[in-house]
Each structure stands twice: as structure tokens, then as C-alpha cells.
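A.B. asks: Below are the sequence and a predicted model; questions follow.
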Amino acid sequence: MRRFCQVTFLTLVVLLAPLIASAQAPGMVPLDEQVAIRHQYELRDGRIEFGPAMAFTLNRAFMDAFMVGLRAQYHFNEYLSLGTEWMFGVNYQSTLAGELEDTYKGKAENEDDCIGQDLPADQCYALKKSYFSRLKLMGDVRVNFTPFYGKLGIFSAIFLKYDFYVFGGMAFGMTENDTTVAQVDETNESFNLGIAWGVGLHFYVNNWISVGLELKDLMFMDNESGQDITRGREDAEQESCNAGGPCRLIDGADRSFLNHFFAGVNFTFFFPRKPTVAF
């Protein structure tokens with residue numbers, strides 16, 4: 001009898017096993033449809049990012065700049081966000097500008113070099129020195145795409161969450177100079193729109209604070225030297241010269257669409273402070 005019961009039980013198990021394996025409770029998700037990571041912290045989805053930022057110019061020929069300001073963006077999900085960054089600049093002479101200053105200092109210059117202005121020769125150098133374009137304000141409005149993110153381990157002791165993003169959008173920059181010469185102001189003291197693009201990284205200190213690194217290019221109209229780049233090739237210069245006026249004019253024709261490369265660091269906060277946790 002005992003042996004009969006064992007055989008019967010084993011027979012039922014063999015017959016019912018396929019049915020049990022194929023059956024699933026209501027609401028249960030098949031294994032091949034399960035998420036790769038459970039209880040994942042979604043550090044960007046539906047959150048606002050805000051904080052200070054700073055950047056350094058990388059390719060300015062005459063006047064370098066240290067920029068400081070704020071950035072903010074809203075993350076629609078883990079991959080897409082819309083943001084903006086505004087920075088004000090502190091400008092200082094580049095190495096090249098210092099070498100030019102040493103070269104030209106003390107040299108006699110005639111009044112023709114002063115762009116037709118009624119200035120004594122000893123004031124020409126001081127005037128020309130201040131033509132260099134300075135970055136007063138720069139920034140962008142961008143769309144960010146975060147293609148991948150994860151966790152970084154350092155010596156198996158420190159673990160940091162990170163993400164990598166690329167962005168593109170509209171750039172803007174306001175340039176200025178120190179002179180009051182009308183032609184120079186026309187070309188250098190202006191607000192310019194252009195194109196912005198770049199790449200960046202976030203390293204998360206915790207679930208709502210991050211430190212970021214960024215490389216970007218803001219492209220807009222500028223005349224870095226502040227000088228007459230066309231040198232008589234423009235009709236306005238020819239007409240002025242034929243009429244007995246200055247033969248070298250500095251105007252909007254001397255500007256060109258330039259790359260302005262920056263390397264930056266930012267320190268941002270995410271709100272709400274608690275991120276969404278995936279199921």
C-alpha cells in the first residue's frame with residue numbers, strides 16, 4: 001500500500017509539473033519581461049537641477065576669461081532634460097596679449113593708425129591696446145541627452161554614481177571693450193546669438209548633490225582683436241577713404257562666426273531631494 005501511494009504521487013507530479021510551470025499568478029510578469037535592476041534610484045526622472053557653475057576659456061587669443069554663474073534644468077525622465085546656463089566674465093590678458101604689449105610699447109605711431117581719430121600720437125597705443133574683445137556675459141539654452149549612466153568603483157572602496165550627457169541648443173554672448181570709438185563699439189559691444197554644443201559628466205555625492213565636469217563650444221559673432229580685419233576690402237572703407245576720411249574702419253564687417261571653447265565645473269542640487277525608486 002505504501003509503495004502504491006508513492007508511485008501514485010510521483011505519477012501525479014510528473015503529469016502536473018508542466019501545468020504548474022506554465023501557470024502564473026494574476027499580475028505576475030514573465031521573467032524575460034522583468035526589469036534589469038530592481039529598486040533602482042532614478043536620479044534624474046522628474047527632478048529639477050540647480051546650482052553654481054564656473055568655466056575657463058580655452059581658445060581666446062588676446063583676452064582670457066574666468067566665467068561664473070548659475071545653471072538650471074528640468075529632467076523629463078532619465079534621458080532627456082531642458083536647461084540653461086548664464087555666466088558673467090572676469091577678463092585678463094593672455095600670454096600673447098602681454099607679448100604684443102611689450103613689443104608695441106614705446107614705439108612711435110602716427111595718427112593714421114588711430115582710425116582717423118583726432119588723437120595725439122602718444123595716445124594711439126593706449127587706444128589700440130583697449131580694442132581687444134572681452135566676454136561680459138555668455139550662456140546657452142540647451143537640450144540634454146543622457147545616453148548612459150551607472151556606478152563607478154574606486155579601489156573597491158569608494159563607489160560613485162555617474163552619468164554622461166551630450167547637449168545642443170542656442171548660445172548667446174555679450175562682448176565689450178574699453179574704448180569709446182564708435183566703430184569699435186559697433187563691432188565689439190553687442191549681444192550675439194549663436195549655437196551651443198558640448199559634453200559633460202555628473203558625479204553624484206549622494207542622491208541629491210552632484211559635481212559636474214563639462215566641455216562646451218559657444219559659437220557666435222565676435223572680433224577678438226578689435227582691429228580692422230577687412231583692411232580696405234569693404235565698400236564702406238573705400239568710400240570713406242575716397243572722401244578724405246579714415247581709410248581703415250572697424251565695423252560689423254570685421255566680425256566673424258567664431259568658436260568659443262570652455263572647460264567648466266558645476267556643483268548642483270536636485271529637487272525633490274528624494275528620487276523615485278523603480279519597482
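C.D. replies: Received it, and whenever you're ready, just let me know what you need. Numbering: from 1, shown residues only.

A.B. asks: where exactly do the strands run in the stretch 151-279 of the chain?
C.D. replies: 158-176, 190-204, 209-222, 256-271, 276-277 (DSSP state E, counting those that start in this stretch).

A.B. asks: remind me which residues of the stretch 1-150 of the chain are low pLDDT?
C.D. replies: 1-29, 31-39, 101-130 (pLDDT under 70).

A.B. asks: now the strands: where do they sit in it?
C.D. replies: 41-42, 48-57, 63-75, 80-93, 134-154.

A.B. asks: Tell me which of those strands lies nearest to Leu218.
C.D. replies: strand 134-154 (5.9 Å; Cβ to Cβ). Where C-beta positions appear, they are placed from N, C-alpha and C, glycine not excepted.

A.B. asks: buried stuff in that closest one?
C.D. replies: The neighbour-count check on strand 134-154 (16 or more other Cβ atoms under 10 Å) flags 134-140, 142, 144, 146, 149 as buried.

A.B. asks: Strand 48-57 and that one, what's the angle between them?
C.D. replies: Put simply, strand 134-154 runs at 120 degrees to strand 48-57, going by axes from the mean of the first three to the mean of the last three Cα atoms, to 10 degrees.

A.B. asks: Save the strands of the stretch 151-279 of the chain as TSV, and put in distance to Thr230, mean pLDDT and mean neighbour count too.
C.D. replies: Formatted as TSV, the strands of the stretch 151-279 of the chain follow (distance: least, Cβ to Cβ, whole Å; pLDDT from 0 to 100; neighbours: other Cβ atoms under 10 Å):
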stretch	distance to Thr230	mean pLDDT	mean neighbour count
strand 158-176	18	93	18
strand 190-204	17	95	17
strand 209-222	14	96	19
strand 256-271	10	96	16
strand 276-277	57	84	12
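
A.B. asks: In TSV: those strands, plus distance to Asp45.
C.D. replies: Output for the strands of the stretch 151-279 of the chain, formatted as TSV (distance: least, Cβ to Cβ, whole Å):
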stretch	distance to Asp45
strand 158-176	12
strand 190-204	14
strand 209-222	15
strand 256-271	10
strand 276-277	5
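
A.B. asks: Minimum distance to Asp64: which of those has it?
C.D. replies: Across the strands of the stretch 151-279 of the chain, closest to Asp64 is strand 256-271 (Cβ to Cβ), at 10.9 Å.

A.B. asks: Can you list the helices and strands that the closest one packs against?
C.D. replies: strand 48-57, strand 63-75, strand 209-222 (3 or more Cβ pairs under 8 Å, 6 or more residues apart in numbering; DSSP states H and E).

A.B. asks: Including distance to Asn177, could these go into CSV?
C.D. replies: Below are these laid out as CSV (distance: least, Cβ to Cβ, whole Å):
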stretch, distance to Asn177
strand 48-57, 16
strand 63-75, 9
strand 209-222, 11
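
A.B. asks: So which of those is nearest Ala278?
C.D. replies: strand 63-75 (15.0 Å).

A.B. asks: roughly how far is the closest one from the heart of the chain?
C.D. replies: In terms of Cα atoms, centre = their mean, to the nearest Å, the centre of strand 63-75 is found 8 Å from the chain centre.

A.B. asks: same question, stretch 188-202
C.D. replies: Using Cα atoms, centre = their mean, the offset of stretch 188-202 from its chain centre is 7 Å.

A.B. asks: Check what contacts it and list those residues.
C.D. replies: Stretch 188-202 is contacted from outside by 131, 133, 140-142, 162-177, 210-223, 226, 257, 268, using Cβ atoms under 8 Å, 6 or more residues apart in numbering.

A.B. asks: The same query, at a cut-off of 7 Å, please.
C.D. replies: Outside stretch 188-202, the residues that touch it by Cβ atoms under 7 Å, 6 or more residues apart in numbering are 133, 140, 142, 162-177, 210, 212-223, 226.
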